[in-house]
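> Using only what follows, build the 3D model:
(one chain, ligands or ions: 1)
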Amino acid sequence: MLDEKNVEALKTKGAEGVLLDFVNLLTNYEEMEEIEKFGNMDGGLYPLPLDQYHGMARIFQQVWKDRSPAQLEALNRQLEMIFERRPELVGTVDPTHERPAIVVDSAHGSIGVTPRTMLDILGVAILTNIKKLAMCEREGCPTPYFIKKHARQRFCSTDCADTVRGRKKKAWQDTHRDELIEKKRRERRVARQRRPQKAKGRPSSARS
Ligand SMILES: [Zn+2]
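Residues are numbered from 1 along each chain as shown. Have a look, this model is predicted:
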């Protein structure tokens, strides 16, 4: 079961995009506004109760920062809870959860997750990207959780990379200011010496 906003968000930014919104937006337990903002952008995380959004985000965020066995184990429990059939919902008005997300297909000899909800989709997205979860190295980055597109990527965006490069360049320039001024002077002097002298006298004209 996906709501309209879920469908639209998946179409425009994909499962990874929604996952990034989730972990980058829900950072402060106190802020109910964060949940509203996420809901307005990407829709609901049915059947997760609103008061559990932050707890879920926290577990995802911790795995992002630290993939120690203990953190991964916590994620395992959380994902199992997401993918299982939720007995408390079966038999109520919740047809979606009458089946578990794990689907066995013996005709094709396969087993896999067939997502029922956006929550299932986020669970699959964090699992399939587990080795690529990374933190942006720019101090004060507003969206520090990102998924690496290549192995050595250190920043969430070219904006962040450019900002840090710009800062480094400026710091380097500040510490080398005197040398730079001297270098500029030297270059100007050389340029002056090389400049061709202006021709004197009348301009040359075609021979008669
Ligand atoms: Zn960044």
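> all contacts plus neighbour counts: C-alpha atoms, from now on.
Will do.
> What parts of this protein come near the ion?
The chain has residues C136, C141, C156, C160 near the ion, with proximity defined as CA under 5 Å from the ion.
> which of the residues you listed are buried?
Among the residues of the chain next to the ion, those that count as buried by neighbour count (16 or more other CA atoms under 10 Å) are C136, C156, C160.
> and the first one, what does it touch?
Meaning C136. For C136, the residues meeting the contact criterion (CA atoms under 8 Å, 6 or more residues apart in numbering) are T143, P144, Y145, F146, R154, F155, C156.
> and the longest helix for the chain?
Secondary structure assigned by DSSP state H gives helix 4-25 as the longest helix of the chain.
> So for the following helix or strand past that one, what gets flagged as buried?
Going down the chain from helix 4-25, the next helix or strand is helix 32-42, by DSSP states H and E. For helix 32-42, burial by neighbour count (16+ other CA under 10 Å) applies to E34, I35, F38, D42.
> T163 and R138, how far apart?
Distance of T163 to R138, given as CA to CA, to the nearest Å: 8 Å.
> cool, L19 as well?
With distances taken as CA to CA, L19 is found 20 Å from R138.
> got a list of what the most centrally placed residue in the chain touches?
Here the mean C-alpha position of the chain is nearest to the C-alpha of F146 (CA atoms, centre = their mean), at a distance of 2.8 Å. Shown in contact with F146 (CA under 8 Å, 6+ apart): L20, L133, A134, M135, C136, C156.
> Counting neighbours, what do you get for the fourth one?
What it means is M135. Counted with other CA atoms under 10 Å, residues neighbouring M135 total 20.
> Ok, the second one next?
Other residues near L133 number 20, with proximity taken as other CA under 10 Å.
> beta partners for it?
As for beta bridges, L133 partners with I147 under DSSP bridges.
> Overlap of the contact sets of T163 and R138?
A shared contact of T163 and R138, defined by CA under 8 Å, 6+ apart, is any residue touching both; here there are none.
> So if I had to pick from the two, which one is more boxed in?
Neighbours per residue (other CA under 10 Å) separate T163 from R138, with R138 holding more: 20 against 13.
> can I assume the more buried one sits in a strand?
No. Assigned with DSSP: H, G, I helix; E, B strand; the rest coil, R138 falls outside any strand and is coil.
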